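Enquirer: need coordinates for the following:
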Amino acid sequence: MKSRIGTDLMATAKMFVRNKGAMFWTLAFPIFLIVIFGAIFSSTGTGSYTLNVQNLDHGPLSQSFMDSLNQTGVVKIVMVDPSADPDTYIKDNSVTNFMIIPGNFTQNIALNSTATIELRQDRTQSAANIMASVVGQVVNHYNLNLSGGKEHIAIHSGSIVTNNLTFLDFFLPGVIGLTAMTNCVFYMQGVQSRYFATGIFRKLSTTPFTRFEWLISRALWQTVVVFMSVAAILIVGMLFFNVHITLTWMSIVLIIVGGLMFTGLGMILSRFAKDEETANAAASAVTFPMMFLGGSFFDLSASPEWLQMVASIMPLTYMNNGLRDTMIYGNDAAALFNLGILAVVAVVFVVIGVYVSKWTDD
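Expert: All right, here's what the predicted structure looks like:
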């Protein structure tokens, strides 16, 4: 009995080693998770969040107040031209935290009166509460030092994003980008590996149908599938979670270009896989880093710089950013920049995918 059990265990172990997909999910994926989450959450105490400040006061106390914010190590101040229109600046730059220091800040404090600063925030951002808490602590510290706690400095809180959007509204564009990526990459690598193994590609190679035409056909079909998924996401969100965001013309273009880009990526990955299981493992190895670092789930603004640099080379980052720019902030100019990057990457992926793919063993 022992020999039979041992024989079966050895056979199972050999099959496990030969199964690249099982190896990935058992070993590589857990290691990847601990590295990514460790890098993101271990930096919570040392990361910094951007606060755009428009200082209309020319006195020394406003500068001292900003110095105190900088010294927290959590706030990274970006100065805004005093002549700039706050609403225009916020929209054009997709700002998430904006502070206005009034022109009478120093004067009011000197006269033992209250100076009110305005803090506008995008409450759909998960880090909004952290920023509000830090600013509140600095204000309380100032009030205590000035006169034992009297309210010399007050905070007037305002919202950047209109239509009473929630964190789920901010989350949904990332889900849409993630859906486009997984649908296109996994479908493409799966069908291409299967067609090659079953000889369908060999038969197609004898017809006038070209690899480029086949890729475009698949990309168009995946675009239809992605929009079906997007419709389902938005309908469920509106019916059960009071989601307010809707598709814009720019978001539709972003989804189409993103679908083409990820279809090309799936075509490239399947070319270097010997079978469908290996292709699936390769697709997982490429898409999972983008899933967590592309901004679908987490705001990486306070993460280590090296992690942000890694995220900046991932195509999903630009798709998610573009979707949020147009769907959340109404900033089509910023979305157009992200669309341009997606378009360039899409062309590169399609050209490489068509070039490296083969329909025969020759």
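
Enquirer: how about the helices in the stretch 101-250 of the chain?
Expert: Counting by DSSP state H, counting those that start in this stretch, the stretch 101-250 of the chain has helices at residues 105-110, 128-147, 167-198, 200-204, 211-241, 249-271.

Enquirer: residues making contact with the shortest one?
Expert: Contacts of helix 200-204 with the rest of the structure, by CB atoms under 8 Å, 6 or more residues apart in numbering, involve 194-195, 214, 358-360. Every C-beta, even on glycine, is put in place using the N, C-alpha and C of the backbone.

Enquirer: which other residues reach stretch 65-83?
Expert: Taking CB under 8 Å, 6+ apart as the rule, stretch 65-83 contacts 46-56, 86, 89, 98, 101, 105, 130-131, 134-135, 137-138, 141-142, 153.

Enquirer: which positions within it qualify as buried?
Expert: By neighbour count with 16 or more other CB atoms under 10 Å, stretch 65-83 contains the buried residues 65-66, 68-69, 74-77, 80.

Enquirer: likewise for stretch 133-148?
Expert: Quick answer for stretch 133-148 (16+ other CB under 10 Å): 134-135, 138-139, 142-143.

Enquirer: okay, the helices of the stretch 101-250 of the chain in TSV with distance to Tyr329 and mean pLDDT next?
Expert: Formatted as TSV, the helices of the stretch 101-250 of the chain follow (distance: least, CB to CB, whole Å; pLDDT from 0 to 100):
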stretch	distance to Tyr329	mean pLDDT
helix 105-110	28	86
helix 128-147	14	82
helix 167-198	10	85
helix 200-204	44	83
helix 211-241	18	86
helix 249-271	11	91
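
Enquirer: per-residue pLDDT of Leu56, please?
Expert: Looking at Leu56, its pLDDT stands at 91.

Enquirer: Arg211 and Gln107, how far apart?
Expert: 72 Å (CB to CB, to the nearest Å).

Enquirer: of the two, who's got more company?
Expert: Neighbours were counted for Arg211 and for Gln107 using other CB atoms under 10 Å; Arg211 has more, 18 against 15.

Enquirer: quick check, Thr50 in a helix?
Expert: No: secondary structure of Thr50 (DSSP: H, G, I helix; E, B strand; the rest coil): strand, not part of a helix.

Enquirer: shift numbering so it begins at 675
Expert: Got it, first residue is 675 now, which makes that one Thr724.

Enquirer: and it, what are its bridge partners?
Expert: Beta-bridge pairing for Thr724 (DSSP bridges): Lys750.

Enquirer: quick one, phi/psi of Ile919?
Expert: phi -70, psi 150 (degrees, to the nearest 10).

Enquirer: thinking it is in contact with Pro847, fair?
Expert: Yes: with contacts counted by CB atoms under 8 Å, Ile919 reaches Pro847, the gap being 7.5 Å.

Enquirer: so what sits against both of these two?
Expert: 1001-1002.

Enquirer: and the residue lying closest to Phe901 once chain neighbours are set aside, how far is that from Met902?
Expert: Of all residues not flanking Phe901 in the chain, Ile929 sits nearest, at 6.9 Å (CB to CB, 6 or more residues apart in numbering). As judged by CB to CB, Ile929 and Met902 stand 12 Å apart.

Enquirer: so for the two, which residue has more residues nearby?
Expert: When Ile929 and Met902 are compared for neighbours, Ile929 comes out ahead with 23 against 12, by other CB under 10 Å.

Enquirer: wait, the more buried one sits on Leu852?
Expert: No: judged on CB under 8 Å, Ile929 makes no contact with Leu852 at a distance of 12.0 Å.

Enquirer: I'd say Val899 and Asn857 touch.
Expert: Yes: using CB under 8 Å, Val899 is in contact with Asn857, at 5.7 Å.

Enquirer: which one of the two is surrounded by more residues?
Expert: Set side by side, Val899 and Asn857 show more neighbours around Asn857, with 20 against 16, by other CB under 10 Å.

Enquirer: partners of the closest residue to Phe772 other than its chain neighbours in the sheet?
Expert: Closest residue in space to Phe772, ignoring its immediate chain neighbours: Arg794 at 4.4 Å, by CB to CB, 6+ apart. Beta-bridge pairing for Arg794 (DSSP bridges): Phe772, Gly832.

Enquirer: contacting residues for Val984?
Expert: Val984 neighbours (CB under 8 Å, 6+ apart): 963, 967.

Enquirer: distance of it from Asn782?
Expert: Distance from Val984 to Asn782, by CB to CB: 46 Å.

Enquirer: and for Leu725?
Expert: From Leu725 to Asn782 the distance is 21 Å (CB to CB).

Enquirer: same thing with Val904?
Expert: From Val904 to Asn782 the distance is 50 Å (CB to CB).
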